[in-house]
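Participant: A structural model of the following input is requested.
(2 chains)
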Amino acid sequence: MKWPQLRRNRRSLLPILLLILALVLLFPQRGEAYAGPGAGFAVLSSFWTIFVAFLYSFYALVTWPVRQLLRLFRRRKAYGQAQVKRVVIVGFDGMDPELASRFMSEGKLPNLAKLRDSGTFRPLRTTFPAISPVAWSTFQTGVNPGKHNIYDFLARDLKNYLPFLSSAQISEPKRHLRIGKYSLPLGKPEIKGLRRGTPFWHWLGKAGVFCSVIRVPATFPPEKFPGVLLSGMCVPDLKGSQGTFCFCTTRASSDKFREGGVRIPVEQNGAGFHSYIPGPEDPLGTGSELRAEFKLRPDTKRGQARIEINSETFTIKVGEYSEWIPVKFKAGMGFTARGICRFYLKEISPEVEVYVTPVNIDPGRPDLPISHPVTYSIYLAKLFGPYATLGLAEDTWALNEEVLDDNAFLAQCYGNHEDRERMFFDALEKTPQGLCACVFDTTDRVQHMFWRYLDKDHPAVRDVPQDQKPRVIQDLYDRMDSLIGRVMQQIDDQTLLLVISDHGFKSFNRCMNLNAWLHQNGYLVLKDGKSESGDWFEDVDWSCTRAYTMGLNGLYMNVKGREREGIVEAGAEAEALKEDLRSKLDGLVDPASGKVGITGMFDCDAVYAGPYVDNAPDLIVGYGEGFRASWDSVMGKVTTAIFEDNLKAWSGDHCVDPRLVPGVLFSNRKIAIEKPAIVDVAPTVMKLFGLELPSYFDGKPWAVAAAGDK
Amino acid sequence: MPSNTPLLLVLAISIVIGFLMVIVFRYTSDQKAIGRAKDRLKAHLLAVRLFQDQLPVVMRAYGRILHGTGSYLRLAFTPLLIAILPITFLIVQLDRYFGWLPLQPAQAFLVEARVEDPAALNEASLQLPPELSSSAPAVHVPKDKEVVWRVVAERAGHYDIQIAASGQTVSKQVVVTPGLARVSPVRLKDHFWERLFTSGEPALADNSPVQSIAINYPPREISFAWMEWNWIVLFFVASLVAGFIFKSVLGIQV
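Facilitator: Alright, predicted model coming up:
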């Protein structure tokens, strides 16, 4: 009998096998108690699991009173004067108070409306600038950016005007052993966190308050503290980038993606195809890029394809994602880099096109630490299966470049979101007392990419009639409201629920290249004969340049003694230049639309205070509603046009005048403050747990009503 | 025969069985479900460690570990059912080769015959082929309805001894060899299951006055790793190790 047939007959076979087993067990002899290594493993590993669990539990039980005693003093500090048993913070990156109000007034978002009616709903003042890593760094440290050193996603290297990631630096191991053509790394890559300040959960942890922290931005690399933490935004992919997707296609094209992705050719081989996923650089120093090759065999009749990569074989249909697939990048001498990715089959006929997500660090076997303790990411992977670990896991670039369509992007977003919900509810269950904080970034990504459907005049969808525009953002808010509803069901009166966002959102329909403006107004000078510059100031003549911009909101002066080729004297000359720029840029009008492109220019010396102010830009540019730094300007490119339409799917943004984009604050308790700010969250939570506040905090604790107080 | 032949054979069989059973396990089990069940078990174990200060969480995790272990064993049950029949049959057969040492020339051994009727004890007699000889008078044990003879073989060979009682004669195989041979330590009447697992000979006739004839073959011990092993224990350990290696190499969830 062939095995498939046997499988079909399993039901009729089962009673016979059960009978045999029963007889064997009834008449035991020495040999038949063992039914091969499979059963042996099952029995042994079950026994082992129970044994280890018993040991663990025994240890936990026996040492619990001792540990409780040891912590008693600290706990007394924490819980003795605590006004709450638990604080749950649900962060919705980018949830907009105006939109939330609008939807609630339309009778939607019943759970958030309930919080508004029985507790608190206020706009939450954000940071300067209103950018996630900046705002969430302030949220966690309770200080302004001058004290935590994060001013943007990118910071500039004063030696060469090139950008680097502002939150973390990953560098090669210092020592290598040279063997022939290989340079063998001795040790692990060095990861240095650049965010300064102490997250408030460190203070809570030290005082004996248990904290579960999930995917709060700017928590990579994870720092040690008495609690568990999974890093979020700023975790790199396996290549070390903030997300590089791979688009494998048989269509010949010499076009390169602007950012965030690579195009890889797919070669035909008989009835099948083969291609590869580019991986990290060879750790053995050969200078080459590691690759994971895969084979694809399309089945046009069924509209699907079988993909073979490493030892994995799976089938996906056109228009569907695979599960997370483990990928190995083999280097020489037994070195292997491991990650996970998902495949999305775009087309199998007449051409073959496959999108592959950035290769995420495998949470079950992390090559870099992405959690504290390291076992926490493993725990989550074992409990729920592999999940996206990349900081910016929702591939906005792939949608921008039209590699993914709206539906594929949304499927990716909500797939990740569901994983995070599972993690969050697990953390909620595991933290019956203490702090449970989780940031969901789906709200940010979906609003960035689908705001065009809310804005009837958005240039990216001008031709789509308003009644045919999908209601993506309404649906997003509904989902988040439903999440809050489920949280409310799981908390009691002794739990304070805070629903917050780091900033709001506005339409982004006009791009402004501030470098172009600086050039046309004589502040930035190009090399002779050049009318434009490539990325990262390729053609800028620094010896004559007084000001430049890179990143989303920072404007820098080329200061002598600070920048490598600075020409502006610090002091009076710099102050005069700053004032000059402020006066000219504040209120700058876009001639095409007649709207104000910049509604505020903020002097960082006035906005920030702290030991890291020297690393800040000189001015923060507050773009007006509908405007933002152009894609080119962000990357240090100088173009001829100052203003242009934004035709990308990335159609909503918050990198504008921070006064225009406050976040939200919802709570299940009354909070007596008119203008709360994100910087107040840390001192508020610490005070609720009865802790003394560090003197350097910039935030002020809110007056939170006791449970049941009206 | 070299003295380490049984060891090598047991190890070789263990490796082959280890491989085959892992393959059988692969194709008769729900690999994904087993992988998930094992992962969840590991997660609950980690939870005990990660949340050790939260006693209710630890206790809940412990409960989930017990529940998860049950689920895991349930998933391993189907392949266990499918594997148990051939493996049992194989072990029974191998036990006849590796479980007992054949008799050696000049080595005395006992022939024990149990009869139905104690009255038949006095008339029971042993008839030996020329190569075997009785070295002591028969001993009667009426309490156990047994008669015992002490016998010595002069040289190697496969022999049939005859026992006559109540007018009937029954035979029993005796193996005398310095090498590895299939031996049957007992010949039985009825006792189907005992016969299936321990006897390598046809059943005695239903009307036979003799219930069983046993030869006291010495049990075989195999020297390995400075220890004396029963072959089944060695098979258990070696096939587990082999299975573990093969499952890791082949990426099979067990």
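Participant: residues touching the residue nearest to B:Ser133 when sequence neighbours are not counted, list them.
Facilitator: By the measure of Cβ to Cβ, 6 or more residues apart in numbering or on different chains, the closest residue to B:Ser133 outside its immediate chain neighbours is B:Val152, 5.7 Å from it. C-beta coordinates here come from the backbone N, C-alpha and C atoms, glycine included. For B:Val152, the contacting residues are B:Ala106, B:Gln107, B:Ala108, B:Phe109, B:Leu132, B:Ser133, B:Ser135, taking Cβ atoms under 8 Å, 6 or more residues apart in numbering or on different chains as the criterion.
Participant: Let me see the contact set for B:Leu41.
Facilitator: If you count contacts by Cβ under 8 Å, 6+ apart, then B:Leu41 has A:Thr49, B:Ile65, B:Gly68, B:Thr69, B:Tyr72 around it.
Participant: With respect to A:Thr357, which of those residues is nearest?
Facilitator: Of all those, the one with the least separation from A:Thr357 (Cβ to Cβ) is B:Gly68, at 30.4 Å.
Participant: Does that closest one touch B:His44 like I think?
Facilitator: Yes: judged on Cβ atoms under 8 Å, B:Gly68 makes contact with B:His44 at a distance of 5.9 Å.
Participant: Please parse the chain into its domains.
Facilitator: Reading this off chain A. Partitioning chain A according to automatic domain parsing yields domains covering residues A:84-150+A:196-235+A:391-505+A:661-710, A:243-362, A:508-655.
Participant: try again with chain B
Facilitator: What automatic domain parsing lists as the domains of chain B is B:5-99+B:223-250, B:108-215.
Participant: Buried deepest among those domains, which one?
Facilitator: Neighbour counts averaged per stretch over the domains of chain B are highest for domain B:5-99+B:223-250, at a mean of 19; criterion: mean count of other Cβ atoms under 10 Å in any protein chain shown.
Participant: how far out from the middle of the chain is it?
Facilitator: For domain B:5-99+B:223-250, the separation from the chain centroid amounts to 19 Å (computed by Cα atoms, centre = their mean, to the nearest Å).
Participant: From the opening residue of it to its closing one, how far?
Facilitator: Distance between the two ends of domain B:5-99+B:223-250: 29 Å, counting by Cα to Cα, to the nearest Å.
Participant: average model confidence for it?
Facilitator: Confidence for domain B:5-99+B:223-250, expressed as mean pLDDT, is 88.
Participant: what's the helix or strand harbouring B:Glu228 in contact with?
Facilitator: B:Glu228 is part of strand B:227-229 when elements are defined by DSSP states H and E. Strand B:227-229 has contacts (Cβ under 8 Å, 6+ apart) with B:Glu221, B:Ile222, B:Ser223.
Participant: What's the first helix or strand after the host helix or strand of B:Ile84?
Facilitator: Following DSSP H and E, the helix or strand that holds B:Ile84 is helix B:55-98. Counting by DSSP H and E, the element after helix B:55-98 in chain order, helix or strand, is strand B:108-115.
Participant: which residues touch that next one?
Facilitator: The set of residues external to strand B:108-115 that reach it, using Cβ under 8 Å, 6+ apart, is B:103, B:121, B:124, B:126, B:135, B:144-153, B:161, B:163, B:165-166, B:172, B:174, B:209-217.
Participant: mind listing what that strand pairs with, with the direction of each?
Facilitator: strand B:146-153 (antiparallel), strand B:210-215 (antiparallel) (DSSP bridges).
Participant: Any chance of CSV for the ones you listed, columns mean pLDDT?
Facilitator: Conversion of these to CSV gives the following (pLDDT from 0 to 100):
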stretch, mean pLDDT
strand B:146-153, 93
strand B:210-215, 92
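Participant: between these, which gets nearest to A:Tyr387?
Facilitator: Within the strands paired with strand B:108-115, the stretch nearest A:Tyr387 is strand B:210-215; the backing value is 64.1 Å (Cβ to Cβ).
Participant: Please tell me I have it right and A:Asp282 contacts A:Arg291.
Facilitator: No: the pair A:Asp282 / A:Arg291 is not scored as a contact, 10.0 Å apart, by Cβ under 8 Å.
Participant: These two - which one has more neighbours?
Facilitator: A:Asp282 (19 against 14; other Cβ atoms under 10 Å in any protein chain shown).
Participant: Okay, B:Pro118 and A:Leu552: tell me how far apart.
Facilitator: Taken as Cβ to Cβ, to the nearest Å, the spacing of B:Pro118 relative to A:Leu552 amounts to 104 Å.
Participant: Equivalent analysis for A:Lys637, please.
Facilitator: Applying Cβ to Cβ, the value for A:Lys637 to A:Leu552 is 14 Å.
Participant: before we move on, what about B:Trp231?
Facilitator: Computed with Cβ to Cβ, the distance linking B:Trp231 and A:Leu552 is 74 Å.
Participant: cool, and A:Glu579?
Facilitator: With the distance defined as Cβ to Cβ, A:Glu579 ends up 23 Å from A:Leu552.
Participant: Which one's more surrounded, these two?
Facilitator: Comparing A:Glu579 with A:Leu552 by neighbour count (other Cβ under 10 Å), the higher total belongs to A:Leu552, at 24 against 12.
Participant: Check the gap between A:Tyr608 and chain B for me.
Facilitator: To chain B, A:Tyr608 is 38 Å away according to Cβ to the nearest Cβ, to the nearest Å.
Participant: which residues does that residue contact?
Facilitator: A:Phe128, A:Asn144, A:Pro145, A:Gly146, A:Ala616.
Participant: Check A:Leu619 too.
Facilitator: Under the criterion of Cβ under 8 Å, 6+ apart, the neighbours of A:Leu619 are A:Gly554, A:Leu555, A:Lys578, A:Leu581, A:Arg582, A:Met601, A:Phe602, A:Asp603, A:Cys604.
Participant: helix or strand for the fourth one, which one?
Facilitator: Okay, so that is A:Leu581. For A:Leu581, the host element (DSSP H and E) is helix A:572-585.
Participant: Same check on the second one?
Facilitator: Under the criterion of DSSP H and E, A:Leu555 resides in strand A:554-557.
Participant: which residues touch that strand?
Facilitator: Residues beyond strand A:554-557 that count as contacts (Cβ under 8 Å, 6+ apart) turn out to be A:129, A:151-152, A:156, A:514, A:546-550, A:563, A:568, A:574, A:577-578, A:581, A:585, A:601, A:616-621.
Participant: Mind checking the pLDDT average for stretch B:125-138?
Facilitator: Averaging pLDDT along stretch B:125-138 yields 90.
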